[in-house]
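Asker: predicted model and sequence follow; I will ask about them next.
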Amino acid sequence: MSELAFLAAVRTSYDTVADTFAPRYGPDQIDPLGRAMLAGFAEMVRGSGGGPVADLGCGPGRVTGWLAELGLDVFGVDLSPRMVELARAAHPELRFEVGSMTALDLPDGQLAGALAFFSTYHTPPEYLPTVFGEFSRTLAPGGRLLLGTYVGDDEQLRPTHAYGGHPVSYESHLVPAERVATLLADAGLVVTARLLIEDSAAIRPQLLALAEKPGRP
């Protein structure tokens, strides 16, 4: 079965920008509200008994490493082999794998937590149910999801260069926050908190959503 075209574009683009991207993306570059949501997510997962947590679209692994410092049993998955290479070099004590959120190589109901922190907005809207379905499938009952994404009024962006002028071929898809919440619910996840950041200093509006898979033991 041939790979979806958007996945190939994302992989190639992030392989190209990885070395420039890595120093620019980590806890120090996340705004205080984002860091607070990440810390709250970590506390809730620990408070529920802990267990494996997947950082999905982990990039160079800097947030993955921070979550490990916060006490989570975390590993990373990213579509870009170069990003995974950088993450392994930076955090040899953690596990990082190449993989796609459209078909995670993880068993059903394994995860105590899943993080998708600004890693889904390159996904065309018609594939979001597949991605969110994978989040739901791999979470254990009572497992937590923290999703961070850019939102907009059905905007489609096609940049040609990024992160220091490197050529990219991915697209960004900005769907309304309410639709993201609806799609999470359709995937069987209960949204328990939503934070919409519309700060004029931000590049574009951001949604941070906490969700839980029903059926806590």
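Answerer: Received the coordinates, thanks.
Asker: other SSEs contacting the longest strand along the chain?
Answerer: Of all the segments of type strand in the chain, defined by DSSP state E, the longest one is strand 139-150. Under the contact criterion of 3 or more C-beta pairs under 8 Å, 6 or more residues apart in numbering; DSSP states H and E, strand 139-150 touches helix 32-47, strand 111-117, helix 177-186, strand 206-212. Heads up, the C-betas are built off the backbone N, CA and C, glycines and all.
Asker: quick one: the closest residue to residue 51 other than its chain neighbours and residue 104, what's the gap?
Answerer: What sits nearest to residue 51 in space, not counting adjacent residues and going by C-beta to C-beta, 6 or more residues apart in numbering, is residue 112, at 3.0 Å. The gap separating residue 112 from residue 104 is 15 Å, by C-beta to C-beta, to the nearest Å.
Asker: paired strands for the worst-scoring helix or strand of the chain on mean pLDDT, with orientation please.
Answerer: Ranked by mean pLDDT, DSSP states H and E, the weakest helix or strand in the chain is strand 161-162, scoring a mean of 79. Applying DSSP bridges to the sheet, strand 161-162 is found paired with strand 166-167 (antiparallel).
Asker: which residues are in contact with the partner strand?
Answerer: Strand 166-167 is contacted by residues 13, 16, 17, 20, 160, 161 when judged by C-beta atoms under 8 Å, 6 or more residues apart in numbering.
Asker: show me the shaky parts of the chain.
Answerer: 1-2, 200-202, 216-217 (pLDDT under 70).
Asker: just name the most buried of the helices and strands packed on strand 139-150.
Answerer: Of all these, strand 111-117 carries the top mean neighbour count, a mean of 26, counting by mean count of other C-beta atoms under 10 Å.
Asker: wait, residue 121 touches residue 150, no?
Answerer: Yes - counting by C-beta atoms under 8 Å, residue 121 touches residue 150, with 5.0 Å between them.
Asker: of these two, which one has the most company?
Answerer: residue 121 (24 against 20; other C-beta atoms under 10 Å).
Asker: go ahead and flag the most central residue of this protein.
Answerer: For the chain, the residue sitting closest to the mean C-alpha position, by C-alpha atoms, centre = their mean, is residue 116 at 1.8 Å.
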